[in-house]
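Trainee: When you get a sec, could you give me coordinates for this:
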Amino acid sequence: MSDTATSSRERQQRRARRNRIWVQVACLAITAFMVLPMYLVTLAAFSSRDELNSFPKSFLPTNVSAETMNAFLNSTGVVPALLNSLFVGLFTVVLSLLLGTPAGYALARFVFRGRDAYQLFLLFTRALPIVVLSVPLARLFITIGTSDTILAVTLLHTALALPTTVLITASIFTAVPRDVEEAALVFGCTPLQAFRQVVAPL
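Mentor: Model (predicted):
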């Protein structure tokens, strides 16, 4: 009986070891799938014009040159477009956090009727094709005079990012023990102070 239990345990250990190996192989394959395009783009960016036109192309850097990158950066509008993208990304993150954090906190701390349906509705908003909204949004931005501005793009990206921001912040606030917040209230903090001084830093 002992030998049978030992062999069964060994089989389970071997199976668990094989499963771990397959998980690692899958992780490596996914990582390679995601890194390979970035590597190829970087390789092309720092290759000479002759190297880009050659065939077959080398998978390893053989003739490193800044010619292609300089031509790209000196093209009209590249640097301003890059700066605009950075500003839009930064403003979108800040605005999404400012608007989504209170909603995530409410989802995590308050029990209200329809909370689960509301979270599901947030996910459904991501399934709405943005093409459907393009004409109404374009008309709205033209009407209020913000078409072709960083503000309009920031507002659009913020609206698209808000559902994800709300759900992520709600899961983060759920991980913070409610007892810590209640202790802060007992020691004289207002709900806003408990959120700002205890919950938000955690």
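Trainee: Pass me the low-pLDDT residue ranges in the protein, would you?
Mentor: For the chain, applying pLDDT under 70 flags the ranges 1-5, 52-53.
Trainee: the helices in it, which residues?
Mentor: Here the chain has its helices, by DSSP state H, at 2-45, 49-53, 67-73, 78-109, 115-126, 130-144, 150-175, 178-186, 191-194.
Trainee: can I get those in a markdown table with mean neighbour count and distance to Pro201?
Mentor: In short, each C-beta sits where N, CA and C put it, glycine included. Shown next, in a markdown table, are the helices of the chain (neighbours: other C-beta atoms under 10 Å; distance: least, C-beta to C-beta, whole Å):
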| stretch | mean neighbour count | distance to Pro201 |
| --- | --- | --- |
| helix 2-45 | 10 | 32 |
| helix 49-53 | 13 | 50 |
| helix 67-73 | 12 | 41 |
| helix 78-109 | 15 | 13 |
| helix 115-126 | 12 | 25 |
| helix 130-144 | 11 | 36 |
| helix 150-175 | 17 | 12 |
| helix 178-186 | 13 | 11 |
| helix 191-194 | 13 | 11 |
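Trainee: Show me the one of those that comes nearest Phe59.
Mentor: Of all these, the one in closest proximity to Phe59, counting by C-beta to C-beta, is helix 2-45 (8.0 Å).
Trainee: distance between that closest one and the chain's centre?
Mentor: 24 Å (C-alpha atoms, centre = their mean, to the nearest Å).
Trainee: who does that helix touch, helix- and strand-wise?
Mentor: Counting contacts by 3 or more C-beta pairs under 8 Å, 6 or more residues apart in numbering; DSSP states H and E, helix 2-45 packs against helix 67-73.
Trainee: so who does Gly89 touch?
Mentor: His157 (C-beta atoms under 8 Å, 6 or more residues apart in numbering).
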